[in-house]
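Enquirer: Predicted model and sequence below, questions to follow.
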Amino acid sequence: MASEAPVRRRPAVAGTWYPADPLELGRLVDRCLAGAPEPPPLDRLVALIAPHAGLVYSGPIAGAAYAVLARCAPEAVLLVGPSHYVPFDGVAVWPSGQFDTPLGPLPIEGTLAARLLARCPAVIELPAAHAREHSLEMQLPFLARCCPGVPIVPLVMGWQTRETVLALAEGLAEACAGRRVVLVASSDLSHFFDAGTAARLDARAADLVDRFDDDGLLDELERYPEHERGRFVMCGGGAVVSVMRAARGLGARTARVVRLGHSGEVSGDNDRVVGYMAAVFGTPAAASGAGA
């Protein structure tokens with residue numbers, strides 16, 4: 001590990017994208033979790049997809065995925081999200097220390113972070129990629145509420161090339177083998193279409209996730225230039241594909257989109273919306289003990 005790497009990452013969007021006051025934030029997260037639909041029957045949760053917009057907009061969708069995590073007791077949670085501000089090649093890990101949240105700090109699982117650095121050449125240390133990034137930060141209030149004290153491994157993906165996506169998937173599966181972990185992919189869906197167009201675009205992505213078709217999703221992303229993939233498919237598509245592939249390697253056999261929505265359902269503006277999805281991956285309850 002690089003000795004000069006910072007050990008404490010402070011919130012960048014607390015007070016804007018979500019409340020900075022712990023009581024207000026806790027109540028908001030609890031409402032998002034309480035409004036979740038009945039979770040699918042899983043013997044073991046391996047991975048989930050959750051959005052990363054402002055909490056009042058995407059929180060109810062994210063809550064549908066995190067309500068499933070709240071029933072689990074993972075050893076660690078690995079977060080993968082896109083870089084919105086810093087362009088770079090590879091995946092930036094925060095290797096040690098903690099991520100602060102208004103609901104308390106989340107410690108870094110340094111052993112897993114070190115294994116990823118050692119086994120996956122695509123994983124690098126680049127603290128600047130984390131400094132302003134909200135794609136992972138928007139997951140932290142849910143993690144602090146659902147599994148307080150459980151360590152995390154934060155990973156921010158730069159350019160979402162096929163090579164990086166596949167390398168990270170392999171690295172995650174190898175580093176997490178034999179560990180009771182949950183992978184989290186952070187991504188919104190289509191951006192700034194009218195609600196009808198967004199629904200059609202988002203249904204295509206959701207169908208690929210629901211069919212556990214990571215190859216098909218990667219092909220769908222590559223139908224567009226990289227700078228357009230977030231607009232037409234999903235902004236964290238590379239993170240989602242990596243997590244889906246790694247989840248299969250870690251024993252997941254079933255996928256379920258548990259909730260879809262968009263920003264217009266909250267704002268009332270249906271002319272220019274952002275789509276959101278919550279999905280979970282795991283072993284079906286019928287496969288008693290499989291992969292547990």
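Expert: Yes, it's here.
Enquirer: what's near enough to touch the residue nearest to Q160 when sequence neighbours are not counted?
Expert: Nearest residue to Q160 in three dimensions, chain neighbours excluded: G238, at 3.0 Å (Cβ to Cβ, 6 or more residues apart in numbering). Every residue, glycine included, has its C-beta placed from N, CA and C. Each residue near G238 by Cβ atoms under 8 Å, 6 or more residues apart in numbering is listed here: P82, M157, Q160, T161, T164, V165, L221.
Enquirer: again, only this time at 6 Å
Expert: G238 makes contact with M157, Q160, V165, according to Cβ atoms under 6 Å, 6 or more residues apart in numbering.
Enquirer: Alpha carbons only: can I get the longest strand along the chain in PDB?
Expert: Longest strand in the chain, counting residues (DSSP state E): strand 273-284. The C-alpha trace of strand 273-284 is given here as PDB (Å, rounded to 0.1, in the frame of the first residue of the first chain):
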ATOM      1  CA  VAL A 273     -36.000  12.200 -16.300                       C
ATOM      2  CA  VAL A 274     -33.300   9.900 -15.000                       C
ATOM      3  CA  GLY A 275     -34.100   6.200 -14.600                       C
ATOM      4  CA  TYR A 276     -33.300   4.100 -11.600                       C
ATOM      5  CA  MET A 277     -33.200   0.400 -10.900                       C
ATOM      6  CA  ALA A 278     -32.800  -1.900  -7.900                       C
ATOM      7  CA  ALA A 279     -31.800  -5.500  -8.500                       C
ATOM      8  CA  VAL A 280     -30.400  -8.400  -6.500                       C
ATOM      9  CA  PHE A 281     -28.400 -11.500  -7.300                       C
ATOM     10  CA  GLY A 282     -27.900 -14.700  -5.300                       C
ATOM     11  CA  THR A 283     -28.700 -18.300  -4.800                       C
ATOM     12  CA  PRO A 284     -32.400 -19.200  -4.900                       C
END
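Enquirer: returning to that earlier point: among the contacts of G238, which one sits closest to D271?
Expert: Q160 (28.0 Å; Cβ to Cβ).
Enquirer: so that closest one is in which element?
Expert: Assessed by DSSP states H and E, Q160 sits outside every helix and strand.
Enquirer: Tell me the pLDDT of it.
Expert: Looking at Q160, its pLDDT is 97.
Enquirer: ok, what's across the strand from I49?
Expert: Counting by DSSP bridges, I49 is bridged to A185, A279.
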